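Engineer: Kindly return the folded structure for what I paste below:
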Amino acid sequence: MPVKHLSVHEIKLPECEGDVVQINDLHFAYPDGHVALRGINLNICEGEKVALVGPNGAGKSTLMLHLNGILNGGPGELSVAGMPLSEKNLPVIRALVGLVFQNPDDQLFSPTVFDDVAFGPLHMGLPEEEVYQRVESALAAVAMDGFGDRLSHHLSVGQKKRIAIATVLAMKPQILILDEPSAGLDPRARRALINLLGELPITMLVSTHDLRMVQELFPRMVIMDEGEIVADGRTENLMADEALLEAHGLERP
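Structural biologist: Presented below is the predicted three-dimensional model:
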């Protein structure tokens, strides 16, 4: 079934200087021929918190994996902090884009929490004193002070998600990319995560099916379906259009 284009929802958002992410006409197909992205155009301004929503298979994860070069090679242009995504710029871009996967166990593999959070700064070649400072600062930012000596695999899912976020915050990224951050959390852990994300002073793009969280936290919402952005605008406006949500497999909270 073709994507239903709703031009009325192409709401012009405020202009910004110093876009963190700029994507122009980005396409991508997997080796098996599946077309995952069809002409994506997206700008994210410094300080914005943007929700990326849509049904499974819409292309959300594929788009996010392009932002730090895990996937690339399709036609189109993508730049982060003014730098085009290229082999030369890839190490710097990967430091600027903090990607947090849905399953924190995909990100936590060291013996202790401290080792996990220190992994990125150590591989940046930073001096030991700065590594320690970054670990302490990142753990404090996610309210996990004092957990450095804990074993990551002994933590709750909610605690692991916080530590996974700390591992990327320790790299001092310009944008935080999260895939389904509230998935698998009990109500208390979900509320704690929402409070955390609301307090973090960083540009953010979050892929989620949790529209209640979107409504509470994200002023801007981007809807994807079948590899295209079908709506991009203020969350309150898009949420009010039940026909739009239903057409793209979403339910108003």
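
Engineer: Now do the strands in the protein.
Structural biologist: Taking DSSP state E as the criterion, the chain contains strands spanning 21-29, 35-44, 49-53, 77-80, 83-84, 97-100, 175-179, 203-207, 220-225, 228-234.

Engineer: Would you mind giving me the confidence score for the closest residue to residue 161 other than its chain neighbours?
Structural biologist: Once flanking residues are discounted, residue 161 sits nearest to residue 104: 5.1 Å by Cβ to Cβ, 6 or more residues apart in numbering. Every C-beta, even on glycine, is put in place using the N, C-alpha and C of the backbone. Residue 104 is assigned a pLDDT of 91 by the prediction.

Engineer: same deal with the one 4 residues further on?
Structural biologist: Confidence per residue is given as pLDDT, and for residue 108 that number is 92.

Engineer: re the thing from before, quick one, which of the strands of the chain gets closest to residue 152.
Structural biologist: Minimum separation from residue 152 across these (Cβ to Cβ) falls at strand 97-100, 14.4 Å.

Engineer: What are the contacting residues of that closest one?
Structural biologist: Residues outside strand 97-100 that contact it (Cβ atoms under 8 Å, 6 or more residues apart in numbering) are 64-65, 67-68, 70, 80, 107, 161, 164-165, 168-169, 171, 173-179, 181.

Engineer: now do stretch 246-253
Structural biologist: 4, 6, 53-55, 58, 211-212, 214-215, 223, 225, 230-231, 239, 242, 245.

Engineer: which of those count as buried?
Structural biologist: The neighbour count (16 or more other Cβ atoms under 10 Å) marks 6, 53-54, 58, 211, 214, 223, 225, 230-231, 239, 245 as buried among the contacts of stretch 246-253.

Engineer: Let's have those in a markdown table, adding pLDDT and distance to residue 75.
Structural biologist: Formatted as a markdown table, the buried ones among the contacts of stretch 246-253 follow (pLDDT from 0 to 100; distance: Cβ to Cβ, whole Å):
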| residue | pLDDT | distance to residue 75 |
| --- | --- | --- |
| 6 | 44 | 25 |
| 53 | 97 | 25 |
| 54 | 95 | 22 |
| 58 | 95 | 20 |
| 211 | 95 | 32 |
| 214 | 97 | 30 |
| 223 | 97 | 23 |
| 225 | 96 | 20 |
| 230 | 96 | 20 |
| 231 | 96 | 23 |
| 239 | 96 | 33 |
| 245 | 95 | 30 |
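
Engineer: wait, which of these is closest to residue 195?
Structural biologist: Nearest to residue 195 among the buried ones among the contacts of stretch 246-253, with distances taken as Cβ to Cβ, is residue 214, at 15.2 Å.

Engineer: Please report the distance of that closest one from residue 54.
Structural biologist: Applying Cβ to Cβ, to the nearest Å, the value for residue 214 to residue 54 is 12 Å.
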